[in-house]
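Participant: here is a sequence with its predicted model. Questions after.
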Amino acid sequence: MKSFRWNDSYSVYLPEMDAEHQALFRMIANLQKEILNGAPGGRILTILHETIAHITGHFAHEERRMAATRCPYYRWHKKQHETATRATLEFERRIRRGDDQAPLELLDFFSNWLRGHITLADRMMAAHLRACSRHNAALAS
């Protein structure tokens, strides 16, 4: 199983977004540690709820930034967020019901989805936001 360790290959070159992603990697790494150490379901759910709250806030932040700049692929990006949120909540329900496979499947989901989303969709979003910022700076000068 892959570890959840931030490195520069995940940078989107926007410091505030990178900081949010780094925090998410730390949270999921902590979740992974607890799952692999056999933490009880209640402990896993507590960490997962904190992670879901961070994810929800992060997605909302990205979506506000994209909407404010009329990002042309806002709806596509938002749909990815909605899909990930639904999947994460379904894993949460399965864990709450005592499904022993759900925690490991959740980690696999996070591993695949998070890395793919950051390196494609979030980089596209960040490039758009940087271009808007440069355009606005040029207009102001």
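Facilitator: Looks like it arrived, so ask away.

Participant: distance of residue 72 from residue 17?
Facilitator: 18 Å (CB to CB, to the nearest Å). From N, CA and C alone the C-beta is placed, and that goes for glycine too.

Participant: equivalent analysis for residue 3, please.
Facilitator: 22 Å.

Participant: and the two? which has more neighbours close in?
Facilitator: For residue 3 and residue 17, the more surrounded residue by other CB atoms under 10 Å is residue 17, and the numbers stand at 21 against 10.

Participant: let me see the ranges of the helices in this protein.
Facilitator: With helices called from DSSP state H, the chain shows them at 15-36, 41-68, 74-96, 102-116, 123-140.

Participant: reformat those as JSON lines; add mean pLDDT and distance to residue 7.
Facilitator: As requested, the helices of the chain are exported to JSON lines (pLDDT from 0 to 100; distance: least, CB to CB, whole Å):
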{"stretch": "helix 15-36", "mean pLDDT": "96", "distance to residue 7": "9"}
{"stretch": "helix 41-68", "mean pLDDT": "96", "distance to residue 7": "19"}
{"stretch": "helix 74-96", "mean pLDDT": "97", "distance to residue 7": "21"}
{"stretch": "helix 102-116", "mean pLDDT": "95", "distance to residue 7": "11"}
{"stretch": "helix 123-140", "mean pLDDT": "90", "distance to residue 7": "15"}
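
Participant: save these as CSV, and put in distance to residue 8 too.
Facilitator: Formatted as CSV, the helices of the chain follow (distance: least, CB to CB, whole Å):
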stretch, distance to residue 8
helix 15-36, 9
helix 41-68, 19
helix 74-96, 22
helix 102-116, 14
helix 123-140, 13
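
Participant: out of those, nearest to residue 9?
Facilitator: Residue 9 sits nearest to helix 102-116 of all these, at 9.0 Å, using CB to CB.

Participant: which other helices and strands does the closest one contact?
Facilitator: For helix 102-116, the packing partners by 3 or more CB pairs under 8 Å, 6 or more residues apart in numbering; DSSP states H and E come out as helix 15-36, helix 74-96.

Participant: can you lay out those as a markdown table showing distance to residue 48?
Facilitator: Shown next, in a markdown table, are the helices and strands packed on helix 102-116 (distance: least, CB to CB, whole Å):
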| stretch | distance to residue 48 |
| --- | --- |
| helix 15-36 | 6 |
| helix 74-96 | 6 |
